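A.B. asks: The sequence isn't on hand, but the structure is:
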Ligand SMILES: Nc1ncnc2c1ncn2[C@@H]1O[C@H](COP(=O)(O)O)[C@@H](OP(=O)(O)O)[C@H]1O
Ligand SMILES: [Mg+2]
Ligand SMILES: [Mg+2]
Ligand SMILES: [Mg+2]
């Protein structure tokens with residue numbers, strides 16, 4: 001694999017792989033009471049907290065000066081209630097079980113990264129809270145989504161463990177672990193060969209590796225360099241969110257019809273969509289905003305955006321503006337996401353603009369009818 005940020009790649013890959021083994025274990029044993037509802041009504045599980053504890057512990061040992069912008073914080077685990085005590089104990093047990101495994105030297109893991117020992121509650125809650133950095137434009141920082149697609153995770157669908165390195169607000173390295181994505185193709189859901197790791201390095205391509213650390217030789221055999229194929233507009237299919245609350249799926253259908261797209265959309269939770277797109281599935285990822293004023297989070301798009309760019313794609317918001325990762329924890333005034341191969345990206349943006357203009361006219365028409373009825 002490519003030379004820049006080689007140590008960062010090794011550390012990030014080790015951290016994401018261990019977090020993925022944790023989430024897979026939890027999914028098989030998740031019990032009632034191990035999921036909380038956050039202030040924004042979204043779910044968070046013991047696996048989200050524990051995966052953030054694992055990855056932040058590894059990053060903090062390997063790169064003690066690097067800030068981390070992570071989705072979760074430990075506030076809900078620190079309150080002195082019986083529920084919180086039980087949740088905290090479970091998170092600590094899960095994270096320590098994974099961190100305590102000896103470094104796998106054939107996979108380049110090292111004890112100095114915090115591996116091979118248990119850390120206990122204080123250190124692990126502290127590690128989770130290392131993710132509270134505010135973000136910004138200057139310097140090096142990591143952004144982490146310990147489980148992207150928590151709703152997919154709870155359903156047994158797609159989810160992803162997502163980590164990216166930003167330098168001066170530019171994504172230089174992106175790692176996405178997808179424990180439930182078929183290793184060979186994103187279309188054959190019946191295969192047992194599940195799990196894939198995606199690594200993108202700016203200027204050095206998008207790669208798929210086995211999720212389990214195998215020998216050097218197996219790694220090389222199973223390594224795939226990813227390219228998005230050239231597809232005509234009518235041969236595209238849209239990759240989109242499963243959740244109606246996250247993206248305007250009806251508007252997507254109108255955009256697809258306008259472009260002459262024949263295939264049904266592929267609905268998938270999480271940044272597994274970016275991975276599927278980079279390895280040739282679909283051709284377009286379209287995420288149009290529904291919730292008024294919702295600001296996209298940097299950890300929801302940073303690694304996926306680089307994966308798509310390195311596989312030959314272009315990514316922007318729905319107005320065609322580049323995503324700005326330097327504004328803090330959110331993408332600020334970037335609304336929605338359009339990711340597609342270079343040749344079709346501009347046409348998709350134009351179709352989105354035309355459909356949104358049509359919808360605005362229809363809405364205005366409906367509102368004027370209501371106004372006329374109320375003020376005859
Ligand atoms: N109203 C909204 N609009 C867009 N995205 C939203 C949203 N509410 C939550 N999300 C984000 O959507 C992510 C999942 O993406 P997708 O819809 O592509 O599966 C969630 O990540 P988490 O599951 O990490 O919280 C969350 O950050
Ligand atoms: Mg969440
Ligand atoms: Mg997310
Ligand atoms: Mg998440």
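C.D. replies: Structure's in. What do you need? Source: prediction; values computed, not measured. Residues are numbered from 1 along each chain as shown. Ligands and ions are numbered 1, 2, ... in the order given.

A.B. asks: so what's the nearest residue to residue 129 once chain neighbours are set aside up against?
C.D. replies: Sequence neighbours aside, residue 74 is the residue nearest to residue 129 in space, at 5.1 Å (criterion: C-beta to C-beta, 6 or more residues apart in numbering). Where you see a C-beta, it was placed from the backbone N, CA and C, and this is true even at glycine. Going by C-beta atoms under 8 Å, 6 or more residues apart in numbering, residue 74 touches 49, 125-126, 128-129.

A.B. asks: Can I get the residues you listed in TSV including distance to ligand 1?
C.D. replies: Shown next, in TSV, are those (distance: C-beta to the nearest ligand atom, whole Å):
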residue	distance to ligand 1
49	12
125	20
126	22
128	15
129	18
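
A.B. asks: Dump those residues to a markdown table, plus neighbour count and secondary structure.
C.D. replies: Listed next are the contacts of residue 74 as a markdown table, based on neighbours: other C-beta atoms under 10 Å; DSSP: H, G, I helix; E, B strand; the rest coil:
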| residue | neighbour count | secondary structure |
| --- | --- | --- |
| 49 | 29 | helix |
| 125 | 21 | helix |
| 126 | 15 | helix |
| 128 | 29 | helix |
| 129 | 19 | helix |
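
A.B. asks: wait, which of the residues you listed is closest to ligand 2?
C.D. replies: Using C-beta to the ion, residue 49 comes nearest to ligand 2 of these, at 11.0 Å.

A.B. asks: Look up the closest residue to the closest one, ignoring the ones flanking it.
C.D. replies: Nearest one to residue 49, counting by C-beta to C-beta, 6+ apart, is residue 91 at 4.5 Å.

A.B. asks: Over to residue 309?
C.D. replies: Per C-beta to C-beta, 6+ apart, closest to residue 309 is residue 315, 6.4 Å.

A.B. asks: doesn't the one you found fall inside a strand?
C.D. replies: Yes: counting by DSSP: H, G, I helix; E, B strand; the rest coil, residue 315 is found in a strand.

A.B. asks: And whichever strand or helix holds the residue nearest to residue 49, what's buried?
C.D. replies: Element membership for residue 91 (DSSP states H and E) is helix 82-99. Buried residues in helix 82-99, counting neighbours by 16 or more other C-beta atoms under 10 Å, are found at 87-88, 90-92, 94-99.

A.B. asks: Throw these into a markdown table and include distance to ligand 3, thanks.
C.D. replies: Below are the buried residues of helix 82-99 laid out as a markdown table (distance: C-beta to the ion, whole Å):
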| residue | distance to ligand 3 |
| --- | --- |
| 87 | 20 |
| 88 | 22 |
| 90 | 21 |
| 91 | 18 |
| 92 | 23 |
| 94 | 19 |
| 95 | 19 |
| 96 | 25 |
| 97 | 24 |
| 98 | 21 |
| 99 | 23 |
